[in-house]
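1. Quick one, fold the following:
(one chain, ligands or ions: 1)
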Amino acid sequence: SSGTIRVVSGSDVSASLFDRARAVSPGGVNSPVRAFKAVGGTPRFMSSASGSWLTDADGNRYVDLVASWGPMLLGHAHPEVVAAVQAAAARGTSFGTPSEPEVELAEEIVARTPVDLVRMVSSGTEATMSAIRLARGFTGRDVVVKFAGCYHGHVDSLLAEAGSGVVTFGLPGTPGVPDAFTAETLVLPYNDPAAVRAVFSEHGDRIACVITEAAAGNMGAVAPEPGFNAFLARTCREHGALFVSDEVMTGFRASRQGYWGIDGAVEGWAPDLMTFGKVMGGGFPAAAFGGREDVMRMLAPEGPVYQAGTLSGNPVATTAGLTTLRLATDEVYTHLDDLASTIQTMLRDALGAAGVPHVVQSAGTLFSPYLGRTEPVRDFSDAQDQDPAAYRAFFHAMLEHGVYLPPSSYEAWFVSDSLDDDALDQIEKALSAAAPAAAA
Ligand code: PLP
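-> I've put the predicted structure just below:
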């Protein structure tokens, strides 16, 4: 079918499912950005997916550039992952005891990253929440430093000036989080070493940890400036604080070793704690945090810092993640790099040809366009200076032409190894139709 552009025919079934969903769930969704509030229109209810294509309940097909917000590194329903999951499920879906797949997955993570020990959890939010608790328990200090525009899940103390859905909806934080919780969170501008130095000189002996996304991907894609993460690691060490690198989004995606593989491994430093999720669960709820042995041994049952989970290390989820990671070879990462740069070039060319002011930025294989500006985005205040109306028009034109983008201009785009020539062709044609819509 290459040569002809697929045009989406209708969304009646999605619309009626959305009506039913709204009657039984707030906003009709189980995670806010899915509701299309930032872009308007009817969210598409997907009924199946294969490789890089999604099929919605009306039978429309879309090239997927969201990849379930990161996990689907190899594409959807990869036959070997599906087979491994089916076999694992047939052996039993949860034992409430230790089992071999979680050990194998932990071994794979320890082999790929600088962490000595890992603890499995079920979501990225749990990973960052637990890492913060452990950092506080280990240091005996309370203050957490984070960066504006970095999202670390919906942890109470980390919702202060978070990116992602929190900013998509224009929320400064959220009701339901006591001021006392965020009072222990200091929020700094991203990529600003002077602000970090200032906060450490004033509060250094009260700071338990600095947490940062290894590369920011929740205010669009904003890479750390060269040496910024190394500087954070060094500054934390000088002050007896821990450096927590959140690789939930970048882990096992930016490279075999995550974003750390393209900065820390090269520059010769390591975080004290790291958090992982998304890719390591292969599309199932599996996440983890890990780090330095002396810190991790503070966790129960070895140490006093409590942390637990009924489904932690679930055998089906860890099998999906393990199978995904084993299939994610060096060739896969090279392909992902090539795909990310090919699509960015297409995007720049189409926006340029249509006369849309834009900057397209990347961080590892994550990338995103900022429409209506031409200066690079270094931090959250830059990211907020973009044209949401242009993105709305662009998003809907892409959707109409069979390409599923993140329904928010604060989210990065995700490639998968399954993007083939047919999918790239569809993206290129959709871009040539959608870029003029963004200019209008
Ligand atoms: N940390 C980062 C960097 C993320 O991007 C996300 C989710 O997008 C999280 C943490 C939270 O993960 P989860 O949605 O699995 O709770």
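
2. how close does residue 102 sit to residue 374?
-> Separation of residue 102 from residue 374 (C-beta to C-beta, to the nearest Å): 48 Å. Yep, even glycine has a C-beta here, placed from its N, CA and C like the rest.

3. More neighbours: these two, which one.
-> residue 102 (22 against 8; other C-beta atoms under 10 Å).

4. Skipping adjacent residues, who's closest to that one in space?
-> Excluding its sequence neighbours, the residue lying closest to residue 102 (C-beta to C-beta, 6 or more residues apart in numbering) is residue 313, at 3.5 Å.

5. before we move on, what about residue 336?
-> Using C-beta to C-beta, 6+ apart, the closest residue to residue 336 is residue 365 (4.8 Å).

6. in what helix or strand does the nearest residue to residue 68 once chain neighbours are set aside lie?
-> Once flanking residues are discounted, residue 68 sits nearest to residue 283: 6.1 Å by C-beta to C-beta, 6+ apart. Following DSSP states H and E, there is no helix or strand that holds residue 283.

7. Now do the same contact list for residue 283.
-> By C-beta atoms under 8 Å, 6 or more residues apart in numbering, the contact list for residue 283 reads 68, 71-72, 76, 81, 320, 324.

8. May I have the helix or strand encompassing residue 181 as PDB, with CA atoms only?
-> Element membership for residue 181, per DSSP H and E: helix 179-183. C-alpha atoms of helix 179-183 as PDB (Å, rounded to 0.1, in the frame of the first residue of the first chain):
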ATOM      1  CA  ASP A 179       2.300  22.200  51.600                       C
ATOM      2  CA  ALA A 180       4.500  20.500  54.200                       C
ATOM      3  CA  PHE A 181       5.400  17.800  51.600                       C
ATOM      4  CA  THR A 182       6.500  20.100  48.900                       C
ATOM      5  CA  ALA A 183       8.100  22.400  51.400                       C
END
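
9. May I have the phi/psi pair for the spatially closest residue to residue 237 that is not a sequence neighbour?
-> Spatial nearest neighbour of residue 237, chain neighbours left out: residue 243 (7.5 Å); criterion: C-beta to C-beta, 6+ apart. Note on residue 243: its backbone torsions stand at phi -100, psi 120 [degrees, to the nearest 10].

10. Could I get the buried residue list for stretch 294-312?
-> For stretch 294-312, a neighbour-count test (16 or more other C-beta atoms under 10 Å) marks 295-296, 299, 305, 307, 311-312 as buried.

11. ok now it, how far from the chain's centre?
-> Relative to the centre of its chain, stretch 294-312 is centred 25 Å away, using C-alpha atoms, centre = their mean, to the nearest Å.

12. hmm, back to that, who's in contact with the following helix or strand past the helix holding residue 181?
-> Scanning forward in sequence from helix 179-183 by DSSP H and E, the next helix or strand is strand 185-188. Applying C-beta under 8 Å, 6+ apart, the contact partners of strand 185-188 are 143-148, 157-158, 160-161, 195-196, 199, 203, 207.

13. The closest residue to the ligand within the stretch 101-250 of the chain: neighbouring residues, count only.
-> Going by C-beta to the nearest ligand atom, the ligand is nearest to residue 124 of the stretch 101-250 of the chain, at 2.2 Å. The number of residues packed near residue 124 is 30, by other C-beta under 10 Å.

14. My understanding was that it contacts residue 288; is that so?
-> No: using C-beta atoms under 8 Å, residue 124 makes no contact with residue 288, being 9.5 Å away.

15. Identify the contacts common to these two.
-> Shared contacts of residue 124 and residue 288, defined by C-beta under 8 Å, 6+ apart, comprise 275-277.

16. Pick the one among those residues closest to the ligand.
-> Within the shared contacts of residue 124 and residue 288, proximity to the ligand (C-beta to the nearest ligand atom) peaks at residue 277, which comes in at 4.6 Å.

17. Could you give the backbone dihedrals for residue 72?
-> Per degrees, to the nearest 10, the backbone of residue 72 is at phi -80, psi 60.

18. tell me the contacts of the closest residue in space to it that isn't next to it in sequence?
-> Leaving aside its sequence neighbours, residue 72 sits nearest to residue 416 (C-beta to C-beta, 6+ apart; 5.4 Å). Shown in contact with residue 416 (C-beta under 8 Å, 6+ apart): 51-52, 64, 67, 72-76, 336.

19. ok, of these, which one's closest to the ligand?
-> residue 67 (12.0 Å).

20. re earlier: tell me the spacing between the residue of the stretch 101-250 of the chain closest to the ligand and residue 204.
-> Note on residue 124: its distance to residue 204, by C-beta to C-beta, is 28 Å.

21. Over to residue 241?
-> 8 Å.

22. Kindly report the same for residue 228.
-> Counting by C-beta to C-beta, the gap from residue 228 to residue 204 is 19 Å.

23. same deal with residue 362?
-> Residue 362 is 34 Å from residue 204, where distance means C-beta to C-beta.

24. neighbour-wise, which of the two wins?
-> The neighbour count for residue 362 versus residue 204, taken as other C-beta under 10 Å, is higher for residue 362 (20 against 17).

25. Wait, a helix at that one?
-> No: using DSSP: H, G, I helix; E, B strand; the rest coil, the secondary structure at residue 362 is strand, not a helix.

26. which residues does it contact?
-> Residue 362 is in contact with 221, 223, 340-341, 344, counting by C-beta under 8 Å, 6+ apart.

27. Would you map out the domains in the protein?
-> 12-64+330-439, 79-327 (automatic domain parsing).

28. Let's have the ones you listed in TSV, adding mean pLDDT.
-> As requested, those are arranged in TSV below (pLDDT from 0 to 100):
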stretch	mean pLDDT
domain 12-64+330-439	97
domain 79-327	94
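
29. And for stretch 394-403, what's in contact with it?
-> So stretch 394-403 is contacted by 5-8, 39-41, 44, 60-63, 65, 356, 371, 404-405, 407, 426-427, 429-431, 433-435, 437-438 (C-beta under 8 Å, 6+ apart).
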